[in-house]
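In: Whatever this is, show me its structure:
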Amino acid sequence: MEVLTTGIPTLDDAIGGGLLEDSNLLIVYDTYSYGWALAFEVLRNRMKLGDFGVILDSVMPLSHLKMELNVINFDVEKEGKEGNLAIMDLFSSFYGITYPDLDFVYTDTSIDSSTFLPKYTGMYRRILSEKILDRRPIGVDSTIDGLAFLLGEEAFVRVFQNIIALKEKARVTEDRKRPLNILLLNKGRASESLMAWISLYSQYVIEFSSSSSGVERMFIRKSPLPDFAPREEGYSFSIRKGRIKLEEP
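Out: Got it, this is the predicted structure:
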């Protein structure tokens, strides 16, 4: 399988060279961390290389998502209107909100916990045929704990296993560029059991620890690449004037 760059040289080196296609990258962070922003920086970099972004939003309405991403100057609406990304807006779907003037925001207000999987896959298939076409999908799941809250943890784990199985079937039966998937998980909102399940299905695991100084520690917990060499002291991570800084301490 091809190893793809994140567009962040320090991150590529830290995980052993890059991200394997069709892999899952789990980013774990705490309540005051900005570690989640790393996912959107990778997403932006991969879109610049011609990939198509898919944001799975289960925790906030679109206006809040747009404001959150201002911290790294990521303009969701601009990228959506230019045909670079789509949003699977599960939060709005569950709460009956639609955005008829924004064709890159996909909702289904009939969705509920009992019909989630077929309606989720139907929504994704629509994006695949209408927007992604022959490009590589880069998905950001914002967030795993948010979706587990909407569905219930046990039901969510079963759904997640089904999605993993569907991905495996697609790998065998479909001739198209394989995706990258970035999963965000706030450990303050998740049980140890949920973290253990999602870590099992993630080939890469990165964990952030926030501090009052604004400079966080980033640790690579897991990578499948043979050149991966864990660093006990981790890396320093911060955001300054809309730009991410990732450095060796």
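In: How far off centre is the longest helix along the chain?
Out: Counting residues, the longest helix found in the chain (DSSP state H) is helix 153-173. Relative to its parent chain, helix 153-173 has a centroid offset of 16 Å by Cα atoms, centre = their mean, to the nearest Å.
In: buried sites along it?
Out: Buried residues in helix 153-173, counted by 16 or more other Cβ atoms under 10 Å: 153, 156-157, 159-160, 163. All C-beta spots, glycine's among them, are computed from the backbone N, C-alpha and C.
In: Among these, find me the one that's closest to residue 112.
Out: Of all the buried residues of helix 153-173, the one with the least separation from residue 112 (Cβ to Cβ) is residue 159, at 12.6 Å.
In: Residue 6 against residue 12, yeah?
Out: Yes - if you go by Cβ atoms under 8 Å, residue 6 and residue 12 touch, sitting 5.6 Å apart.
In: Identify all residues paired with the residue positioned nearest the centre of the chain through a beta bridge.
Out: By Cα atoms, centre = their mean, the chain has its centre lying nearest to residue 140, at 2.1 Å. Here residue 140 sits in beta bridges with residue 55, residue 182, going by DSSP bridges.
In: tell me the phi and psi of the closest residue to residue 187 other than its chain neighbours?
Out: Setting aside the residues directly before and after it, residue 187 is nearest to residue 28 in space (Cβ to Cβ, 6 or more residues apart in numbering), at 5.5 Å. When read as degrees, to the nearest 10, the backbone of residue 28 gives phi -110, psi 140.
In: rewinding a little: mind putting the buried residues of helix 153-173 in CSV, distance to residue 132 and pLDDT included?
Out: As requested, those are arranged in CSV below (distance: Cβ to Cβ, whole Å; pLDDT from 0 to 100):
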residue, distance to residue 132, pLDDT
153, 30, 94
156, 24, 96
157, 27, 96
159, 22, 95
160, 21, 95
163, 17, 94
